[in-house]
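Novice: sequence and computational prediction follow.
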Amino acid sequence: MELIKLKLFCIIFLVFFTRNAFAAEPERALQGITAAEARRHLISSAESFLGTPYRYAGLDRRGLDCSGLVHLSFREGLNMEVPRTTQSMYNWVEKIDTAELLPGDLVFFITVGTNVSHMGIYTGGGSFIHSASEGPSTGVIFSNLDEAYWRRTYLGAGRALPPDAETLVYANRPASRARESQNWEDPGLFVGVGAAWTFGGFFEGAPSPFRGISGLATVGYKWTRYRVGLELRQEWDRALGVFRLPLTLSVGNEIFQIFAGPSYTFGEPSLSLSDGTRNYSGDFTLSYGVSAAFPIVRIGPGALFVYGELARQTYSWPENEKFSLRPDLTANIRVSAGLRYFWKMRLFT
């Protein structure tokens, strides 16, 4: 009988201890700092993992899953041990209403099945940082609770760190720490630069394989999946012996864009052919085309793209001559490949 009582006591002790062992951690973690500072440390720690690839059960900078990011952010940012899995974290935190969310609170989702299966750290302004396993972007990224997918799978919010007055002020700043460190996945304004090699040799009159170079300076706005940009393009066309300056509007997503706009040509465009010179006209022309990018590489607050373009500039051949397929295609078609880097503009209040 005494042995049975001892076993029951041990079971009750273990259940009570494992349930409450982590509950005291927030207070110990906050010794010497305010709750607001602790929340900022947590978010800063999570942001340091931006760009880390997703890896199931990962718990280091080689790869993280969603609960691994949260666990490691608490450990490195606050020297605080918290539950390791999403379910155990959901069971541990204090449940709060979504309207009460503060930066540093946790958000939970049901992405598969009927139980909680995904989580992230809320950073303010509707954004949260998490490690995504699938979708257009994976690994440690920012997303927004207003996005259709996360709105549909949202389960609720939980609190592991206590709030205070400073935290409330911090939460109501439109440009929180997460906003100051804009991530490419966040909606907002962006700027960018690029450079490309223009190919020749495909049609008559184009030096092979180098036809010229082009540059790019852009400013635009990015939504979650789509973006629009105003682009100033600088193009040196060795085949025609001219310099072009198109100003185009670009619309598309991360992979494909279409662009169009007016272009001014400096110089007299002409092609040197085997039977003489073919002259073209058009100081002001229309430039339009399509651009395709390979999977992007996220670097800092932006993204690096390897891309290719097929574009047309609308030069006219001499009025007294008929259309000639090979040289006129050369004069009006441009094929380029290069690199461009876009980054989010920092916004402060």
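Specialist: Here it is on my side, so go on. Numbering: from 1, shown residues only.
Novice: distance of the spatially closest residue to residue 87 that is not a sequence neighbour relative to residue 108?
Specialist: Computed as Cβ to Cβ, 6 or more residues apart in numbering, the closest residue to residue 87 that is not its neighbour in sequence is residue 116, at 5.8 Å. For the C-beta atoms, the positions are set from N, CA and C on the backbone; glycine is no exception. In this structure, residue 116 and residue 108 are 5 Å apart, going by Cβ to Cβ, to the nearest Å.
Novice: ok, residue 225 next?
Specialist: If you go by Cβ to Cβ, the gap between residue 225 and residue 108 works out to 24 Å.
Novice: neighbour count: the two, which is higher?
Specialist: A count of neighbours by other Cβ atoms under 10 Å puts residue 108 above the other of residue 225 and residue 108, at 22 against 14.
Novice: for that one, list each beta-bridge partner.
Specialist: Each beta-bridge partner of residue 108 is listed here, defined by DSSP bridges: residue 119, residue 156.
Novice: which residues in the stretch 151-300 of the chain form strands?
Specialist: Read by DSSP state E, counting those that start in this stretch, the stretch 151-300 of the chain holds these strands, from start to end of the chain: 154-159, 188-199, 210-222, 226-237, 242-253, 256-266, 270-273, 276-279, 284-293, 297-299.
Novice: remind me which residues of the chain are low pLDDT?
Specialist: 1-32, 164-186, 202, 207, 224, 300-301, 346-349 (pLDDT under 70).
Novice: break this protein into its domains for me.
Specialist: Domain assignment for the chain, taken from automatic domain parsing, gives 2-180, 188-344.
Novice: residue 281 reaches residue 331, doesn't it?
Specialist: No - Residue 281 is beyond contact range of residue 331, at 10.6 Å (criterion: Cβ atoms under 8 Å).
Novice: okay, and the common contacts of residue 116 and residue 108?
Specialist: Taking Cβ atoms under 8 Å, 6 or more residues apart in numbering as the contact rule, the neighbours common to residue 116 and residue 108 are 86, 90, 155.
Novice: neighbours of the second one, how many?
Specialist: So the one you mean is residue 90. The number of residues packed around residue 90, counting by other Cβ under 10 Å, is 20.
Novice: with the last one instead?
Specialist: Neighbour count of residue 155, defined by other Cβ under 10 Å: 16.
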